[in-house]
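**Q** here is a sequence with its predicted model. Questions after.
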Amino acid sequence: MALRGSLRAGRALLRAPGPAARGLCAHSRPPAFGFLFDVDGVLVRGSQALPAARRAFQRLSDGSGRLRVPLVFLTNAGNCLRSAKARELSQALGLQVSPEQVILSHSPLQLFSRFHQRCMLVAGQGPVEENAHTLGFKHVVTIEALRKAYPLLDMVDHSRRPKELPPPTTGFPTIEGVILFGEPVRWETSLQLITDVLLSNGNPGAELQDVPYPHLPILACNMDLLWMAEAKMPRFGHGTFLLCLENIYKKVTGRELKYEALIGKPSPVTYRYAQFLIQQQAEKQGWKAPIRRLYAVGDNPMSDVYGANLYNSYLKSAQQNQVQAGVKRSPQAASPHTEVYLELRNDCNNSVESCESILVCTGVYRHSGDVPKKTEPHTMEAVFHGHRDFCFDPNLVQASYIVQDVDDAVQLAFKKENWS
């Protein structure tokens with residue numbers, strides 16, 4: 001019912017007449033709002049731009065191709081460099097996108113400077129080592145380097161098993177933490193070696209004795225269980241890999257896997273970082289009006305909508321000087337999110353008042369009622385696609401508005417802002 005209400009509200013606002021001309025063009029005013037655009041399922045499907053995306057960015061740009069409104073591309077992708085994603089988006093959308101406008105799932109990790117001097121194991125695919133160094137991490141070990149140093153650990157693929165017993169490994173650094181950038185290619189290898197590192201306290205060549213707990217710190221990026229590519233059905237995302245790792249660790253040790261930080265949508269850390277970049281972009285353009293409102297456009301209720309609504313609740317709570325529940329009260333989840341709340345509450349110069357969620361129907365969400373209802377608690381666990389450390393709240397997955405595509409989303413925001 002709430003989803004249908006959001007859809008009706010979106011359609012009604014799009015049908016409403018635009019603002020009357022007032023002599024001074026609306027776009028001559030400095031914008032007091034900004035956009036957070038998801039990428040997959042909103043702007044592109046795989047490598048192909050959606051037609052609505054081109055139309056939307058024609059509205060967002062002036063005649064010379066310059067953006068009229070501050071915006072960032074907020075994606076949970078993480079298997080590339082920001083510069084590469086910016087080039088990809090530039091080509092798809094037909095305008096110049098700078099790396100500073102792109103927020104990958106791991107981008108906020110540059111704020112976690114207390115880990116930058118530690119020796120970190122990095123997992124994922126693509127340029128994970130380069131990404132880690134770009135983010136500020138000085139000492140990095142890849143899964144492949146660990147596998148080569150300890151060839152007896154990777155035993156699932158018979159063709160990769162050593163034919164002879166290798167000599168003992170010496171001089172390999174002790175691992176002091178783990179960064180999970182995204183889903184790897186060989187899941188069995190990464191699951192095995194990450195578990196070995198956690199059980200051995202960073203020395204996977206040692207014999208297993210007492211299992212250390214708490215285990216080494218884990219920084220995980222991108223919690224999406226599913227994502228939308230060219231296939232008709234959603235594909236497994238990094239959230240599925242995290243689910244496997246969590247269950248293996250608990251089955252082996254009897255204890256919960258804990259995260260030092262969960263980064264990427266729907267984490268408030270990511271939205272706070274996006275807000276900072278929006279405000280920074282407005283300042284560079286010389287727009288004097290403070291940014292008051294953010295519009296987050298996405299296709300996934302469990303990441304895009306949940307994240308925007310959760311951050312909106314943080315903004316409202318910070319304004320009222322009270323913490324509002326949205327995350328489980330566990331150390332691994334509460335710590336980074338509580339820091340965001342405290343930062344917002346103590347930031348007297350914070351101008352942003354709201355973050356509204358706009359759900360489009362060109363990706364994961366398909367008008368199928370895939371969001372569990374409050375009146376059906378027995379189905380909640382079966383359909384909740386969010387991460388374990390984010391408890392389900394029906395209100396957080398209800399979009400402020402539901403529209404057909406990203407072009408409709410831009411038009412809707414323009415009408416709300418009296419902008420043409």
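**A** Structure received. Numbering: from 1, shown residues only.
**Q** can you pull the contacts of residue 250?
**A** Listed by Cβ atoms under 8 Å, 6 or more residues apart in numbering, the contact set of residue 250 reads 256, 257. C-beta: built from backbone N, CA, C; applies to glycine.
**Q** so it: helix, strand or coil?
**A** helix (DSSP: H, G, I helix; E, B strand; the rest coil).
**Q** quick one: it from residue 392, how far?
**A** 20 Å (Cβ to Cβ, to the nearest Å).
**Q** what bridges to the spatially closest residue to residue 354 that is not a sequence neighbour?
**A** For residue 354, ignoring the flanking residues on the chain, the nearest one in space by Cβ to Cβ, 6 or more residues apart in numbering is residue 293 at 5.2 Å. Assessed by DSSP bridges, residue 293 has beta-bridge partners residue 33, residue 354.
**Q** residues near residue 293, how many?
**A** Neighbours of residue 293 under the rule other Cβ atoms under 10 Å: 17.
**Q** list the contacts for it?
**A** Counting by Cβ under 8 Å, 6+ apart, residue 293 makes contact with 32, 33, 34, 352, 353, 354, 355, 356, 417.
**Q** using JSON lines, lay out these together with pLDDT and distance to residue 218.
**A** Shown next, in JSON lines, are the contacts of residue 293 (pLDDT from 0 to 100; distance: Cβ to Cβ, whole Å):
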{"residue": "32", "pLDDT": "96", "distance to residue 218": "39"}
{"residue": "33", "pLDDT": "98", "distance to residue 218": "36"}
{"residue": "34", "pLDDT": "98", "distance to residue 218": "32"}
{"residue": "352", "pLDDT": "94", "distance to residue 218": "30"}
{"residue": "353", "pLDDT": "95", "distance to residue 218": "34"}
{"residue": "354", "pLDDT": "97", "distance to residue 218": "32"}
{"residue": "355", "pLDDT": "98", "distance to residue 218": "27"}
{"residue": "356", "pLDDT": "98", "distance to residue 218": "32"}
{"residue": "417", "pLDDT": "96", "distance to residue 218": "41"}
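**Q** which among the residues you listed count as buried?
**A** Buried members of the contacts of residue 293, counted by 16 or more other Cβ atoms under 10 Å: 32, 33, 34, 352, 354, 355, 356, 417.
**Q** out of these, which is nearest to residue 105?
**A** The nearest member of the buried ones among the contacts of residue 293 to residue 105, counting by Cβ to Cβ, is residue 355 at 18.3 Å.
**Q** pretty sure the closest one is touching residue 296, no?
**A** Yes: here residue 355 reaches residue 296: they are 5.9 Å apart, a contact under Cβ atoms under 8 Å.
**Q** what touches both of those two?
**A** 36, 271, 308, 311.
**Q** with distance to residue 264, neighbour count and pLDDT added, can I get those residues in JSON lines?
**A** Putting the shared contacts of residue 355 and residue 296 into JSON lines (distance: Cβ to Cβ, whole Å; neighbours: other Cβ atoms under 10 Å; pLDDT from 0 to 100) gives the following:
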{"residue": "36", "distance to residue 264": "13", "neighbour count": "28", "pLDDT": "98"}
{"residue": "271", "distance to residue 264": "10", "neighbour count": "27", "pLDDT": "96"}
{"residue": "308", "distance to residue 264": "13", "neighbour count": "31", "pLDDT": "97"}
{"residue": "311", "distance to residue 264": "13", "neighbour count": "31", "pLDDT": "95"}
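**Q** what is the most widely separated pair among those?
**A** 36 and 311 (9.4 Å).
**Q** next, show the common contact partners of these two.
**A** Listed contacts common to residue 36 and residue 311 are 271, 296, 355; contacts here mean Cβ under 8 Å, 6+ apart.
**Q** outside of the helix or strand harbouring the first one, which residues touch it?
**A** Take DSSP states H and E as the rule and residue 271 turns out to sit in helix 268-284. Contacts to helix 268-284, defined as Cβ under 8 Å, 6+ apart, come from residues 30-31, 34, 36, 70-72, 74, 100-101, 103, 105, 107-108, 111, 261, 263-265, 289, 291, 294, 296, 307-308, 310-311, 314, 336-337, 339-341, 343-344, 351-352, 355.
**Q** so how do I select the buried members of those residues in PyMOL?
**A** Those of these that count as buried under 16+ other Cβ under 10 Å are selected in PyMOL with:
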select buried, resi 31+34+36+70+71+72+74+101+103+105+107+108+111+261+263+264+265+291+294+296+307+308+310+311+314+336+337+340+341+344+352+355
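**Q** just the ones of the contacts of helix 268-284 in strands?
**A** Under the assignment DSSP state E, the contacts of helix 268-284 contribute 34, 36, 71, 72, 74, 103, 261, 263, 294, 296, 355 to strands.
**Q** show me what contacts the fifth one?
**A** With contacts taken as Cβ under 8 Å, 6+ apart, residue 74 has the following neighbours: 36, 37, 38, 39, 103, 265, 270, 274, 296.
**Q** show the contacting residues for residue 119.
**A** 139, 140, 141, 173, 174, 175, 176, 177, 202.
**Q** list the residues that contact the residue nearest to it when sequence neighbours are not counted.
**A** Leaving aside its sequence neighbours, residue 119 sits nearest to residue 139 (Cβ to Cβ, 6+ apart; 4.2 Å). Residue 139 sits next to 117, 118, 119, 120, 173 when contact means Cβ under 8 Å, 6+ apart.
**Q** no further queries at this time; thank you.
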